[in-house]
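Visitor: Fold the following, please.
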Amino acid sequence: MKQTWRWFGPKDLVSIDSMLQAGVQGVVSALHHIPTGTAWSPAEIAQRQREIATTSAGGPSGLAWDVVESLPVSEDIKRQTGNWREHLAAWKQSLHNLHAAGIEVVCYNFMPVLDWTRTDLAYALPNGATCMRFELPVFAAFDIHILGRDGAADDYPDDVVATAKDVFAKMDASQIEGLVRNVVFGLPGAAENFSLDDLRYHLAAYAHLSEDGLRANLVDFLSEVAPVAQSLGMRLCCHPDDPPTTLLGLPRIMSTEADYTHVLNAVDVMANGVTLCSGSLGARPENDLTGMMERLGDRVHFLHLRNVKRESDAVQTSFYEAGHLEGDTDMVTLIAAVLKQEAKRRADGRGDASIPFRPDHGQDILDDLGRKAQPGYPAIGRLKGLAELRGIITALTHTDVRGGL
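Guide: Model prediction:
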């Protein structure tokens, strides 16, 4: 298991130097400043590689850009509208340019409009740490009473609708503004200048696209790009919906094992694979993360290891981002399944036997609380998670205890 770390580029408040001190082995990054639908040029890719390879003192870091997260898929491609064919061609060109630079793993998602959704980006825990939280009645209050989406109340249980009404009644203007800002933070590039009318516009563009329609569009997309990746020796891995449930009336098609199985079978090449995110998938109680790793493992190309604590057993539920070993996912059995898959790959002579993973998200603790880094991506909180995950890996691979791994 290759230990990697997500880095948002030179503006990231967690530096290359910090990654070195954390002892990571590789970097996960993306060219967030490139407009969606535009090909990533060799020059831009090389610039990011130089930034990753250089410490603050100008010396070599010894780190390399191992995984792209994410190469964005435009809304036009997802809907097959507008300039989607041009955007598809640019996506393919980006693959060629990334391959020429030596990068083999590309994570992407097919979530309409919002990449991820939380209602609180700094939820206070009893120990003084903060984390991200999705509170279902609060989100319902946003959907029904603030956004005012037609038919929104029909998408929630009656008790959640009633609680949402009470929640909204107690909110003042600043709290409403803060909730809107938190919800739209998951829309790339829009957090600073986004309006409710913008969100309504994006939702309306999906009004007539069903889950089956979006799923067919994903298969069409993969039928175009996966053969390109396969020919180049690259690996594509789709990130699950976050959270993995119905949201704002939008179609959601990558929330369960059945969703992944359908897509993997529809485009059955090794380059078409999975980003197994234990946090996103773990927010839905029916998802058996260890079982998914065992059954889909040969197509898992990238791992996000984090944990969430669900606040009910319903499919639609509130949850918060727990410590990496403290939530509802059994991280020990999941990592054991990953190590077994790696052993199988080594026995089969596969060149991708070591699966890259990163400690996904983390609670803000200690100096993180004053640093105010990207929500979910603190320095010390992620280092704590990485240390815990590293400890499990070390124990399970020790010669005296590894057994059949």
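
Visitor: roughly how far apart are residue 5 and residue 39?
Guide: For residue 5, the distance to residue 39 (CB to CB, to the nearest Å) stands at 26 Å. C-betas here are computed from N, CA, C, even on glycine.

Visitor: And these two? Which one has more around it.
Guide: Under the neighbour definition other CB atoms under 10 Å, residue 5 and residue 39 were set side by side, and residue 5 has more, 26 against 18.

Visitor: residue contacts, residue 330?
Guide: Neighbouring residues of residue 330 by CB atoms under 8 Å, 6 or more residues apart in numbering: 289-290.

Visitor: gap between it and residue 289?
Guide: Where residue 289 is concerned, residue 330 sits at a distance of 8 Å (CB to CB).

Visitor: Could you do residue 393 as well?
Guide: For residue 393 relative to residue 289 (CB to CB), the value is 16 Å.

Visitor: of the two, who's got more company?
Guide: Taking neighbours as other CB under 10 Å, residue 393 and residue 289 compare with residue 289 leading, 23 against 17.

Visitor: Report the contact partners of the closest residue to residue 282 other than its chain neighbours.
Guide: Leaving aside its sequence neighbours, residue 282 sits nearest to residue 329 (CB to CB, 6 or more residues apart in numbering; 4.4 Å). By CB under 8 Å, 6+ apart, the contact list for residue 329 reads 278-279, 282, 289, 307-308.

Visitor: Which parts of this protein belong to which domain?
Guide: 2-112+206-396, 120-205 (automatic domain parsing).

Visitor: Mean pLDDT added to those domains, as a markdown table?
Guide: Output for the domains of the chain, formatted as a markdown table (pLDDT from 0 to 100):
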| stretch | mean pLDDT |
| --- | --- |
| domain 2-112+206-396 | 97 |
| domain 120-205 | 91 |
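
Visitor: Single out the most deeply packed of those.
Guide: Of those, the one with the most neighbours on average (mean count of other CB atoms under 10 Å) is domain 2-112+206-396, at a mean of 19.

Visitor: for that domain, the distance to its chain's centre please.
Guide: Offset of domain 2-112+206-396 from its chain centre (CA atoms, centre = their mean, to the nearest Å): 5 Å.

Visitor: what's the span of that domain from first residue to last?
Guide: End-to-end span of domain 2-112+206-396 (CA to CA, to the nearest Å): 15 Å.

Visitor: Same question for stretch 15-34.
Guide: Span of stretch 15-34 from end to end, CA to CA: 21 Å.

Visitor: how about the strands in the chain?
Guide: Ranges of strands in the chain, per DSSP state E, are 2-6, 26-29, 65-69, 105-109, 120-124, 130-134, 235-239, 272-277, 300-305, 307-310, 319-322, 356-359.

Visitor: residues in contact with the last one?
Guide: What that stands for is strand 356-359. 1-6, 26, 28, 66-67, 105, 302-306, 324, 338, 382-383, 385-386, 389.

Visitor: Check the fourth one too.
Guide: The contact list for strand 105-109, computed with CB under 8 Å, 6+ apart, reads 28, 66-73, 95, 98, 115, 229, 234-241, 254, 275, 301-302, 356.

Visitor: cool, and the first one?
Guide: By CB under 8 Å, 6+ apart, the residues outside strand 2-6 that reach it are 19, 22-29, 66-67, 69, 354-360, 377, 382, 386, 390.

Visitor: got the angle between it and strand 300-305?
Guide: Orientation of strand 2-6 against strand 300-305 (axes from the mean of the first three to the mean of the last three CA atoms, to 10 degrees) gives an angle of 60 degrees.

Visitor: and strand 2-6, which strands flank it?
Guide: strand 26-29 (parallel), strand 356-359 (parallel) (DSSP bridges).

Visitor: show me what contacts the residue lying closest to residue 313 once chain neighbours are set aside?
Guide: Of all residues not flanking residue 313 in the chain, residue 285 sits nearest, at 5.1 Å (CB to CB, 6+ apart). Going by CB under 8 Å, 6+ apart, residue 285 touches 310, 313-315, 317, 328.

Visitor: The residue minimising distance to the centre of the chain and residue 278, how far apart?
Guide: With distances taken as CA atoms, centre = their mean, residue 239 lies nearest the centre of the chain, 5.5 Å away. Applying CB to CB, the value for residue 239 to residue 278 is 12 Å.

Visitor: Mutual contacts of the two, please.
Guide: The contact sets of residue 239 and residue 278 overlap at residue 304 (CB under 8 Å, 6+ apart).

Visitor: How much space separates the nearest residue in space to residue 200 that is not next to it in sequence from residue 53?
Guide: Distance criterion CB to CB, 6+ apart; nearest residue to residue 200, sequence neighbours excluded, is residue 147 at 7.1 Å. As judged by CB to CB, residue 147 and residue 53 stand 44 Å apart.

Visitor: ditto for residue 229
Guide: Residue 229 is 24 Å from residue 53, by CB to CB.

Visitor: Let me see the contact set for the closest residue to residue 261 other than its chain neighbours.
Guide: If the residues on either side of it in the chain are set aside, residue 261 comes closest to residue 296, at 7.3 Å by CB to CB, 6+ apart. The contact partners of residue 296, by CB under 8 Å, 6+ apart, come to 257, 260-261, 264, 274, 276.

Visitor: Could you export these as a markdown table, including distance to residue 199?
Guide: Output for these, formatted as a markdown table (distance: CB to CB, whole Å):
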| residue | distance to residue 199 |
| --- | --- |
| 257 | 30 |
| 260 | 28 |
| 261 | 32 |
| 264 | 32 |
| 274 | 29 |
| 276 | 29 |
